[in-house]
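In: Next comes the sequence, and after it the predicted model I'd like to discuss.
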Amino acid sequence: MARNKFKGMGIALITPFTKTGAVDYEALRRLLDYQLNNGVDFLCILATTGETPCLTENEKQQIKDIVVEKVKGSIPVLMGIGGNNTAAVVDYIKKVDLSGIDGILSVCPYYNKPSQEGLYQHFKTIAEASELPVVLYNVPGRVGVNMAAETTLRLANDCDNIVAIKEASGNFAQIDEIIKNKPQDFDVISGDDGITFPLITLGAAGVISVIGNALPKEFSRMVRLALQGDNVNACAIHHKFTELFHLLFVDGNPAGVKAMLHSMGLIHNELRLPLVPTRITTDQKIAAIVKELNIKC
């Protein structure tokens, strides 16, 4: 069975834009340098936080190429490939250039709300089509359907190259059931910064983080301390960022983290419609926390 490479502190990478709305490739390179110089364990690209639905195929390819060029194999790269048309996802996997990519993150189908059997067959078909390891992504708040623990465990046991799940349901009982009953080399990865610490204490293998875009060094330290069982010091860092966990999502993701990165001078505060920047009051609160933390880029 394939083993999961995506452990520890992963970054759900944002896509920076210029003031005219184009992808800001220079800012992307700066952001990647910032991540790589501050100890992240892996990158997750072209997923929700990257505003992928609003990118062209050419932009996606250029972003992927820049990431691969910057990383140079030093850390694993997970790439989002999902959808609600199974055949189209399979076709995309077969035709897209995946050189330099170490795995696929595939979200539960959205809008058409499949049954648990439909979810199972969807991901089983994707796993059979992919030569790369597959990480499932359960985020019912976005897609409109929750993948039950039973379905996740069935896929984990039946499909050799399904190696992990990014769990963002927020359902501790469900996530704990997966951790308790999963195969030994199948991992649970937190999909929610605010509950990463408690999930690691239950047995999660790490996080795909939004806040890590702005605080890679600090959040990496929390994750590593928690994975080492140093819960006292990990919890102290977790509590330090409690207000930020809320602020970064109160006006939607990635609006919050983009406001934070803008206040740090790393990117322009630009999103593509239908997403818009945070409210002025949220932006001011985030900027005040950045100043108080005295974050150095």
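Out: Looks like it came in fine. Numbers count the residues shown, from 1 in each chain.
In: quick one: low-confidence parts of the stretch 151-297 of the chain?
Out: 296-297 (pLDDT under 70).
In: Contacts only, for Gly118.
Out: For Gly118, the residues meeting the contact criterion (C-beta atoms under 8 Å, 6 or more residues apart in numbering) are Pro109. (Glycine included, C-beta is placed from N, CA and C.)
In: what's the distance between it and Glu177?
Out: When distance is defined by C-beta to C-beta, to the nearest Å, Gly118 is 21 Å away from Glu177.
In: So which residues of the chain form strands?
Out: Under the criterion DSSP state E, the chain contains strands at 8-12, 42-45, 77-80, 103-107, 134-138, 162-167, 187-190, 206-209.
In: Pick the most deeply packed of the ones you listed.
Out: Ranked by average neighbour count under the criterion mean count of other C-beta atoms under 10 Å, those are headed by strand 206-209 at a mean of 29.
In: Can you list the strands that that strand pairs with?
Out: If you go by DSSP bridges, strand 206-209 pairs up with strand 8-12 (parallel), strand 187-190 (parallel).
In: of those strands, which approaches Gln284 most closely?
Out: Comparison of the strands paired with strand 206-209 against Gln284 by C-beta to C-beta identifies strand 8-12 as nearest, at 24.5 Å.
In: Could you give the average pLDDT over that closest one?
Out: Per-residue pLDDT values over strand 8-12 give a mean of 98.
In: okay, the angle between it and strand 103-107?
Out: Between strand 8-12 and strand 103-107, the angle formed by their directions is 60 degrees, by axes from the mean of the first three to the mean of the last three C-alpha atoms, to 10 degrees.
In: which residues touch strand 8-12?
Out: Among residues not part of strand 8-12, those counted as contacts by C-beta under 8 Å, 6+ apart are 35, 39-44, 47-50, 78, 189, 205-210, 212-213, 216, 219-220, 223-224, 227.
In: Which parts of the stretch 51-200 of the chain are helices?
Out: Listed from the start of the chain, the stretch 51-200 of the chain has helices (DSSP state H, counting those that start in this stretch) covering 57-71, 86-95, 116-129, 140-143, 149-158, 172-181, 196-202.
In: now those helices as CSV including distance to Lys5?
Out: Compiled in CSV, the helices of the stretch 51-200 of the chain are given as follows (distance: least, C-beta to C-beta, whole Å):
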stretch, distance to Lys5
helix 57-71, 13
helix 86-95, 18
helix 116-129, 16
helix 140-143, 25
helix 149-158, 16
helix 172-181, 19
helix 196-202, 18
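In: Rebuild the strands paired with strand 206-209 as JSON lines, extending it with distance to Leu248.
Out: Converted to JSON lines, the strands paired with strand 206-209 look like this (distance: least, C-beta to C-beta, whole Å):
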{"stretch": "strand 8-12", "distance to Leu248": "11"}
{"stretch": "strand 187-190", "distance to Leu248": "15"}
